[in-house]
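Q: what's the 3D shape of this:
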Amino acid sequence: SPVLKPFFFLLPKSQLQVEVHVGGELVDTLSEGAEPQSAQQETPATQEEEPADAELPSGTHSYRIEELAYTRSGDKGDASNIGVIARHPAFYPYLKKHLTSSVVEDYFSHLIQPGTPDPVARDPQGKAYGQMLLDLKLTGLPDLMSLVD
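A: Residues are numbered from 1 along each chain as shown. Next up, the predicted model:
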């Protein structure tokens, strides 16, 4: 198997240009000290333009988080965090509505019951929690896969 070795070096930020691509389309270019230069002159949707949670349709479909999002987790001192990234922009409002902090707390409640070993001691870097969350099933959703090309 190949041996990978990281090679670290410093490069002045002024020599870097960052390109942001969404769906294969260039949407922004950034460089040190320069104003963002959007490739598309559209402004992102504001909260007023996004559909309200109450307006989201429901349905009979169930999806595991893994089908709708990626996760990334880690520790922050004596606590862990989990980042959830929607696999498609259309999934985001449903994740926002259905994947609440109380849902996540209930899902992980078996790890924080009194008398159980400290969860941080079992996974001191918090790396497993994102993987565990991918198994959570959300119910009462419409056919979200029909929203994706």
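Q: shaky segments in this structure?
A: Along the chain, the model assigns pLDDT under 70 to residues 1-2, 4-9, 33-54, 78, 112-125.
Q: That one: strands as residue ranges?
A: Under the criterion DSSP state E, strands of the chain are mapped to 17-22, 25-31, 37-38, 61-64, 69-76, 79-86, 137-141.
Q: just checking, residue 137 touches residue 62?
A: Yes - Residue 137 is within contact range of residue 62, at 5.3 Å (criterion: CB atoms under 8 Å). (Each C-beta comes from the backbone N, C-alpha and C, glycine too.)
Q: Can you get me a residue count around residue 88?
A: Here the neighbour count serves as a burial measure; for residue 88 (other CB atoms under 10 Å) it reads 14.
Q: How about residue 11?
A: The burial count assigned to residue 11 is 7, neighbours taken as other CB under 10 Å.
Q: and the gap between it and residue 29?
A: When distances are taken as CB to CB, to the nearest Å, residue 11 and residue 29 turn out to be 18 Å apart.
Q: Pull the number of nearby residues for residue 18.
A: The local packing of residue 18 (other CB under 10 Å) involves 11 other residues.
Q: Quick check: closest non-adjacent residue to it.
A: If the residues on either side of it in the chain are set aside, residue 18 comes closest to residue 30, at 4.4 Å by CB to CB, 6 or more residues apart in numbering.
Q: What separation is there between the one you found and residue 17?
A: Look at residue 30 and residue 17: by CB to CB, they are 7 Å apart.
Q: These two - which one has more neighbours?
A: Set side by side, residue 30 and residue 17 give different neighbour counts by other CB under 10 Å, the larger being at residue 30 (13 against 10).
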